[in-house]
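**Q** quick one: sequence and predicted model below, then my questions.
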Amino acid sequence: MNIRLATLADIDAIMQLVKQVVPIMQATGNLQWDDKYPDTAVFTTDVQTKQLWVADIDGQIAGVIAITLGQEPEYGQVPEWDTTEPAVVAHRLAVSPDMQGKGIANSLLQQCEVVAREKDIPLIRLDTNTVNRPMQNLFLKIGYHLGGEITLHKKPGLKFMAFEKRLNLETV
């Protein structure tokens, strides 16, 4: 598996992955994504800003993640969080249904740590729908801590669990 920056040539494969993932998400009650979001324009912007990463296995896109520096303003709903503190933020994490259970999501989340270390930012934040228990369990398993439940203005009526992980950036 190769974790690499996505290119515009990857967009079609990423959209195919999204089309596979969305019905599965919705069948479990996770309405975070739909036929409008995320779309080609969102992923194109992610590629152009060099913040979209893919898990490439033998030339096939097995997973995707956007790694940004912009925190959601709604993270301020978590009382203990200071949203003015710089943070790397993960968005749009998805793994092909055919490739789940192979450590791909974990590898993509590890890329967040790589980016954070490169930028000398010791904080990673992310969120997921409250019904997405498998993702919440993964976050906890790899060292993220639950901050609390939030709402997002872009997704009215849905609730999300916000997580963070602090890195030790000191070299040994």
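**A** Alright, I've got the coordinates. Residues are numbered from 1 along each chain as shown.
**Q** and the strands in this protein?
**A** Taking DSSP state E as the criterion, the chain carries its strands at 2-5, 52-57, 60-68, 88-95, 123-129, 145-151, 159-166.
**Q** what is the longest helix anywhere in the chain packed up against?
**A** Determined from DSSP state H, the single longest helix within the chain is helix 11-27. The helices and strands touching helix 11-27, judged by 3 or more CB pairs under 8 Å, 6 or more residues apart in numbering; DSSP states H and E, are helix 40-48, strand 60-68, strand 88-95. Where C-beta positions appear, they are placed from N, C-alpha and C, glycine not excepted.
**Q** and if we set it to 10 Å?
**A** Under the contact criterion of 3 or more CB pairs under 10 Å, 6 or more residues apart in numbering; DSSP states H and E, helix 11-27 touches helix 40-48, strand 52-57, strand 60-68, strand 88-95.
**Q** give the residue spans of this protein that score low on pLDDT.
**A** Low-confidence segments of the chain (pLDDT under 70): 171-172.
**Q** tell me, how many residues neighbour K36?
**A** Neighbourhood size, K36 [other CB atoms under 10 Å]: 7.
**Q** then the one 3 residues further on?
**A** As a burial measure, D39 scores 13 neighbours (other CB under 10 Å).
**Q** good, we can wrap up now.
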